[in-house]
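J.: Here is the input, now give the coordinates:
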Amino acid sequence: MSKGYASNYRVALLASFVLLGFAGIGARLVWLHVIARDELLGHVEKARRELIPDHAHRGDVLDANGSLLATSRSVMVLGVDPQSERLEDRKKWPELALLTGLPLPQLESILTTRYRAAAAPGSRPVSGLKIGFNRGGGPAPTVAAAVDPDSETILDEEDSQGRRPIRWAKLSEDLPVSIYDQIVKLGVRGVYGQRVYRRAYPHNELAAHIIGFVNRVENPISGIEKYANFYLRGQDGWLESEKDGHQQELAQFRTRQVPAADGYNVVLSLDAAIQHMAESELDAIVQKYHPLKATIIISDPRTGFVLALANAPSFDLNRYNQLGKMEEGRLTDIALADVYEPGSVFKIVAASGALNDGLVTPATTFDCTLEKIDYEGRSRALPREDSSEHHDHPLSVAEIIAHSSNKGAAQLAMRLGDRRFYDYVRAFGFGQKTGFPDLGGESWGLLTPPEKWDGLTITRMPMGQSVAATPLQMHEAMSVIASGGLRLRPQIIKQIRDAGNEVIYRFDRMEIRRVISEKTARTMARLLQAVASDQGTAPEAAIPGFEVAGKTGTANKVLPHTHVYADHHHVASFIGFFPATNPQVLISVIVDDADAYTPGGVAYGAKVAAPSFRRIGMELIPYLHIRSPIEQFARPNLALEGGRR
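T.: Alright, predicted model coming up:
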């Protein structure tokens, strides 16, 4: 018969279960909060804490008129944590594939591959803080992470089965922000991104060798990007915070924050319009003559600032990484890195030196029919003339320059003597770097000191043999005459500006040294005018209404295997300035090995380079508002005549 209440046995059994339950809970609490506390806190921190980089905006590169030459655009690096994948999100995958541009099967494979069987060699597991992103869209270098560069994934520590859980797999590295916003609204769990900056070059090939480029992880490789990286790069910031399971930051747990400092903007003296003129002319040269390479340099001889520097071949700054091995030579800045024997343009050194030392006047004559001449107790063979023109009378210094006489140039150098001539060569900037910003691989050129000269050097170097220079060195040498005898440092950077467009630093004209007197420079400018006339070697360089001063060069190239001068391989050049009495622009045109497509099979500077000088000059006249001295003199004084001002 029931007594109407539980027996003592049942009460004791129930009480035992309750006590055991509380004991188990207590033991578990002791385990969680005391024994395994440190280990478990580490797992929680790894799951929630995050070091988030705040990337600085790399400064822009601008031309002299403020046109963008290089800038940084904001994009998203998109990835997914496959461990967060949910079944209910699978119906959204087709739309996600459409937004990311990935084929659906490839996207499904990434989203469903949750483990890697073995660790990548030399990799480390994620520990401590959750991974952030560096400039290239990969893991931040300050955080330990196992990165598989082939599949671009981040792996966690091995589990008990020896597998490495995938914690992040890249879906896109150049996703527009607007597309990312649509992906966020889609709400696929575990898919998230990080804002990064990618370098962009709006004008593609324009001034490629001057601007240079940065690689995918924002490391500067060449050009202004590398030279001015200290100003351009900025300083990245970072913040330490926590995120919930939906990858949303828990701002209340943000502990430390260092804001990013954006880079400065670099303003160049280069003018994009003038650069385009130079590159268009190079394209015309390439189409017509198919040379191995060619260079055009344009500068303001009054300041030394470069307005344009163009090379052919060139490359697209936005596709530099698509060049094949056979095309890597396109990356070389020919104007700074290549050396060549300058030929007759070099005659300005001997002529300037002899005039400057008062050893000759423009009217001093030399017998240029001689085959040999006695010099320092030895008979020296004089070089043959480049042209078949026969001079039946002694040539004056003015005629030596106008007719580009090799024999005359040699005798001018002999008047100076070995050491004094060498000193002038050095003073004009040869055998040394120009001081131009190191945009990648500037050459010193080749210049042998007098102690190592052989018996023919004093007769050959004055005509531009036995010496090698870069195109920029030759340009700088001619600028000595155009600037009134001063050697000015060639420059390309005008200003450094902050993000607010305030000028932080300004680069001004920089004088290196006086090479020749102002009087000698004026005399040389007058003598060089005859070159671009009917009486000189380059009437093709003449610009109607303007006084052009310049010098041609037709340098025989040395064959690499035989080391002898080739008869049908030349470097053709013309370097000149105008107006001759008040120089406002200096132009160098240098074309390497255009002989095969030149009538007669010889690429003369007058025929190949001088016409390009003329065409560029005529384009610059209206653009730079250049006025000839004749025009200025003839212009009526409206103020005196009562006309409108």
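
J.: my read is residue 295 is in a strand, agree?
T.: Yes. Remark: residue 295 belongs to a strand, assigned using DSSP: H, G, I helix; E, B strand; the rest coil.

J.: residues contacting it?
T.: Neighbour list for residue 295: 309-312, 334-335, 338, 471, 588-590 [criterion: C-beta atoms under 8 Å, 6 or more residues apart in numbering]. In short, each C-beta sits where N, CA and C put it, glycine included.

J.: With residue 213 instead?
T.: By C-beta under 8 Å, 6+ apart, the neighbours of residue 213 are 199, 201, 220-223, 225, 317, 320.

J.: Those residues into TSV, with extra columns for secondary structure?
T.: TSV is the format used below for those (three-state DSSP):
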residue	secondary structure
199	strand
201	coil
220	strand
221	coil
222	coil
223	helix
225	helix
317	helix
320	helix
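
J.: Closest to residue 270 out of those residues?
T.: Checking the contacts of residue 213 against residue 270 by C-beta to C-beta gives residue 223 as the nearest, at 11.3 Å.

J.: Roughly how far does that closest one sit from residue 74?
T.: From residue 223 across to residue 74, the span is 23 Å (C-beta to C-beta, to the nearest Å).

J.: Quick check on these two: which one has the bigger neighbour count.
T.: residue 223 (26 against 12; other C-beta atoms under 10 Å).

J.: Would you format the contacts of residue 213 as TSV with distance to residue 373 and pLDDT included?
T.: As requested, those are arranged in TSV below (distance: C-beta to C-beta, whole Å; pLDDT from 0 to 100):
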residue	distance to residue 373	pLDDT
199	59	91
201	56	95
220	54	92
221	52	91
222	48	93
223	48	94
225	53	95
317	53	94
320	53	89
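
J.: quick one: which of the residues you listed is most hemmed in?
T.: Top of these by neighbour count (other C-beta under 10 Å): residue 225, with 28 neighbours.

J.: what's near enough to touch residue 414?
T.: 373, 375, 458-459.

J.: Does it lie in a helix or a strand, and which?
T.: Assigned by DSSP states H and E, residue 414 belongs to helix 406-416.

J.: Restricting to C-alpha, output that helix in PDB.
T.: Taking only C-alpha atoms (Å, rounded to 0.1, in the frame of the first residue of the first chain), the coordinates of helix 406-416 have been written out as PDB:
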ATOM      1  CA  ASN A 406      87.600  66.500 -87.400                       C
ATOM      2  CA  LYS A 407      91.100  67.700 -88.200                       C
ATOM      3  CA  GLY A 408      90.300  71.200 -87.000                       C
ATOM      4  CA  ALA A 409      88.800  69.900 -83.700                       C
ATOM      5  CA  ALA A 410      92.000  67.900 -83.100                       C
ATOM      6  CA  GLN A 411      94.200  70.900 -83.600                       C
ATOM      7  CA  LEU A 412      92.100  73.000 -81.200                       C
ATOM      8  CA  ALA A 413      92.600  70.300 -78.500                       C
ATOM      9  CA  MET A 414      96.300  70.300 -79.200                       C
ATOM     10  CA  ARG A 415      96.400  74.000 -78.600                       C
ATOM     11  CA  LEU A 416      95.000  73.300 -75.200                       C
END
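
J.: mind showing which ranges of the stretch 251-400 of the chain have poor pLDDT?
T.: Along the stretch 251-400 of the chain, the model assigns pLDDT under 70 to residues 251-255, 387-390.

J.: Inside strands: which ones of the contacts of residue 295?
T.: 309-312, 588-590 (DSSP state E).

J.: So what's the gap between the helix holding residue 414 and the chain middle?
T.: Here helix 406-416 shows a centroid-to-chain-centroid distance of 40 Å under the convention C-alpha atoms, centre = their mean, to the nearest Å.

J.: what about the strands in the stretch 101-250 of the chain?
T.: Under the criterion DSSP state E, counting those that start in this stretch, the stretch 101-250 of the chain contains strands at 115-116, 146-148, 153-155, 164-175, 191-200, 237-243, 249-250.

J.: need those in CSV with distance to residue 466, can you?
T.: Formatted as CSV, the strands of the stretch 101-250 of the chain follow (distance: least, C-beta to C-beta, whole Å):
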stretch, distance to residue 466
strand 115-116, 64
strand 146-148, 55
strand 153-155, 60
strand 164-175, 53
strand 191-200, 44
strand 237-243, 57
strand 249-250, 70
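
J.: Ok, which of those comes nearest residue 89?
T.: Closest among the strands of the stretch 101-250 of the chain, using C-beta to C-beta: strand 191-200, at 8.7 Å.

J.: Let me know the angle separating that closest one from strand 164-175.
T.: Between strand 191-200 and strand 164-175, the angle comes out at 40 degrees (axes from the mean of the first three to the mean of the last three C-alpha atoms, to 10 degrees).

J.: Strand 191-200 - contacts with which helices or strands?
T.: Counting contacts by 3 or more C-beta pairs under 8 Å, 6 or more residues apart in numbering; DSSP states H and E, strand 191-200 packs against strand 68-80, strand 164-175, helix 177-186.

J.: Quick one: residues in contact with that strand.
T.: Outside strand 191-200, the residues that touch it by C-beta under 8 Å, 6+ apart are 53, 55, 57-58, 70-81, 96, 132-133, 135-137, 171, 174-175, 177, 180, 183, 213-214, 218, 225, 247, 318.

J.: Swap in 7 Å and give it another go.
T.: Taking contacts as C-beta atoms under 7 Å, 6 or more residues apart in numbering, the residues outside strand 191-200 that touch it are 55, 57-58, 70-80, 133, 135, 137, 174-175, 180, 183, 213-214, 247, 318.

J.: again with stretch 180-187
T.: 76, 78, 92, 95-96, 99, 191, 193.

J.: closest to residue 581 among those residues?
T.: Checking the contacts of stretch 180-187 against residue 581 by C-beta to C-beta gives residue 76 as the nearest, at 59.2 Å.

J.: Correct me if wrong: the closest one contacts residue 177.
T.: Yes. When contacts are counted by C-beta atoms under 7 Å, residue 76 is listed as touching residue 177 (6.0 Å).

J.: Comparing those two, which residue is more hemmed in?
T.: Higher neighbour count among residue 76 and residue 177: residue 76, with 24 against 12, using other C-beta under 10 Å.

J.: Local confidence estimate at the more buried one?
T.: Predicted confidence (pLDDT) for residue 76: 88.

J.: With the one 4 residues further on instead?
T.: Model confidence at residue 80, given as pLDDT, is 88.

J.: now stretch 409-428: mean pLDDT?
T.: Averaged over stretch 409-428, pLDDT sits at 97.

J.: Please apply the same query to stretch 232-240.
T.: Averaged over stretch 232-240, pLDDT sits at 83.

J.: Equivalent analysis for stretch 476-493, please.
T.: Here the average pLDDT along stretch 476-493 is 97.

J.: Stretch 19-37 too?
T.: For stretch 19-37, the mean pLDDT works out to 79.

J.: How about stretch 554-565?
T.: In this model, stretch 554-565 has a mean pLDDT of 84.

J.: Flag every buried residue along that stretch.
T.: Going by neighbour count (16 or more other C-beta atoms under 10 Å), the buried part of stretch 554-565 is 554-558.

J.: thinking again about what came up before, need the winner for burial among the strands of the stretch 101-250 of the chain.
T.: strand 153-155 (a mean of 25; mean count of other C-beta atoms under 10 Å).

J.: Just list what that strand packs against, helices and strands only.
T.: strand 146-148, strand 164-175 (3 or more C-beta pairs under 7 Å, 6 or more residues apart in numbering; DSSP states H and E).
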